[in-house]
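Peer 1: Here is a sequence with its predicted model. Questions after.
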Amino acid sequence: MQRERVLKLKQAKNKLLQSRLKVKSDSIDLEAMKIKADIAKTQYERNLTLQSEGLKAVKDVEEKRSKLQEANAYLISQQNKFLSTKNEVINSELVILTINATYGDKLAKAQSNLFTAQSSSYDTEAEVSKLETNLVNYKKRNSLLFVTAPQDGYINKAIISGLGETFKEGEKLVGIMPSNYELAVEMYVRPIDLPLIHIGEHVRVQFDGWPAIVFSGWPNVSYGTYGAKIVAIENFISNNGKYRVLLKPDKKDVKWPDAIRVGSGAKTIALLDNVSIWFELWRQINSFPPNFYQPSDKIDTSKTKV
């Protein structure tokens, strides 16, 4: 509509310009007709005077009178044409005003409709946001009907098993054993023996249900034991008065049995340092303490100058 108004205004202004130029042309023609009419009147009066003096015939006077009337008729016609052209200029100016007023009303109405549609769109967006919020609330309330576990597993113990029982937020409901897990062994160490335990040391494990023959001092020939490595040592004492140590399977040793289940019992044997048989006999005879493993990654605390 704005582009149409611009084109309409250009068209009306061109027509107004044409009308003004036509007014100038008609005004020039009118002045020419006035001059012709004045000339015809002068000639008629001169011939009339000469005819009264006997110098001109009546026929010449009649011709001049006819030309005078003809010139007056052309003059009146040109005056009418000039006035009609001036009316066209006024009409063109009126058309321009009408175009501005008409398209102003149309554009105002269109803008009003546009703003109304935008307002309706914002109202709809607000309604959609409100509905989405309600939907999220309904989904959240619906999800509260079920208690989901943080990971896949199996229920091995029901702490609250009665029907219609109520429970508080954060209260334990069931015990879950994960379905995907990595086996580890818990080993408890007395506080007096804790300084002898280090991460990465080797430990032999004997599982309940697997027969084992253990040769003291000969871990490599012990039958039915499996290799493990220390991966974590707790810094806080447990309820039983000992420190908990976690062991993982030693990949360089025999693989742990596939039939082991979580919660099975196990006995652990912390290994001493590897020494020769003569040194062990000498240590036993002299009642010297055994040599335990020491961590290989000792920190160098010596200071160097740069």
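Peer 2: Happy to help now that I have it.

Peer 1: which outside residues touch stretch 133-153?
Peer 2: Residues from elsewhere that reach stretch 133-153, judged by C-beta atoms under 8 Å, 6 or more residues apart in numbering: 173, 176, 177, 178, 179, 180. (Glycine included, C-beta is placed from N, CA and C.)

Peer 1: Domain map for the chain?
Peer 2: Domains of the chain are assigned by automatic domain parsing as 2-141, 147-181, 182-286.

Peer 1: Neighbours of residue 229, how many?
Peer 2: 17 (other C-beta atoms under 10 Å).

Peer 1: and it, how far is that from residue 246?
Peer 2: Distance of residue 229 to residue 246, computed by C-beta to C-beta, to the nearest Å: 10 Å.

Peer 1: Same question for residue 273.
Peer 2: Distance from residue 273 to residue 246, by C-beta to C-beta: 22 Å.

Peer 1: Would you mind telling me which of those two has the busier surroundings?
Peer 2: residue 246 (16 against 10).

Peer 1: The more buried one belongs to a helix?
Peer 2: No: if the criterion is DSSP: H, G, I helix; E, B strand; the rest coil, then residue 246 is strand and not within a helix.

Peer 1: how about it, what does it touch?
Peer 2: Counting by C-beta under 8 Å, 6+ apart, the residues that residue 246 touches are 184, 185, 186, 187, 230, 231, 232, 233.

Peer 1: Name the nearest residue to it, ignoring sequence neighbours.
Peer 2: residue 232 (4.3 Å; C-beta to C-beta, 6 or more residues apart in numbering).

Peer 1: in the protein, which ranges drop under the pLDDT threshold?
Peer 2: The chain contains residues with pLDDT under 70 at 55, 212-223, 272, 289-306.

Peer 1: Over to the residue in it sticking out farthest from the centre. Which of the three states is it?
Peer 2: Distance to the chain centre peaks in the chain at residue 54, reaching 111.1 Å (criterion: C-alpha atoms, centre = their mean). Following three-state DSSP, residue 54 is assigned to coil.

Peer 1: Also residue 288?
Peer 2: coil.

Peer 1: Separate out the buried members of the contacts of stretch 133-153.
Peer 2: If you count burial by 16 or more other C-beta atoms under 10 Å, none of these comes out as buried.

Peer 1: Among those, which ones are in strands?
Peer 2: By the criterion of DSSP state E, membership of the contacts of stretch 133-153 in strands covers 176, 177, 178.

Peer 1: So the closest residue to the first one other than its chain neighbours versus residue 179, what's the distance?
Peer 2: It stands for residue 176. Nearest non-adjacent residue to residue 176, counting by C-beta to C-beta, 6+ apart: residue 153, 4.3 Å away. The gap separating residue 153 from residue 179 is 5 Å, by C-beta to C-beta.

Peer 1: related to what we said a few turns ago, show me the contacts of residue 246 that map onto strands.
Peer 2: Those of the contacts of residue 246 lying in strands (DSSP E): 185, 186, 187, 230, 231, 232, 233.

Peer 1: show me what contacts the nearest residue to the last one once chain neighbours are set aside?
Peer 2: On the basis of C-beta to C-beta, 6+ apart, the spatially nearest residue to residue 233 that is not a chain neighbour turns out to be residue 245, at 5.3 Å. The contact partners of residue 245, by C-beta under 8 Å, 6+ apart, come to 186, 187, 188, 189, 197, 230, 232, 233, 234.

Peer 1: any idea which of those is closest to residue 105?
Peer 2: residue 232 (83.3 Å; C-beta to C-beta).

Peer 1: Run a quick neighbour tally on the closest one.
Peer 2: 11.

Peer 1: which ones are touching it?
Peer 2: Contacts of residue 232 (C-beta under 8 Å, 6+ apart): 199, 245, 246.

Peer 1: Need those in TSV (columns: distance to residue 84).
Peer 2: As requested, those are arranged in TSV below (distance: C-beta to C-beta, whole Å):
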residue	distance to residue 84
199	114
245	117
246	112
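
Peer 1: Show me which of those is closest to residue 163.
Peer 2: residue 246 (39.2 Å).
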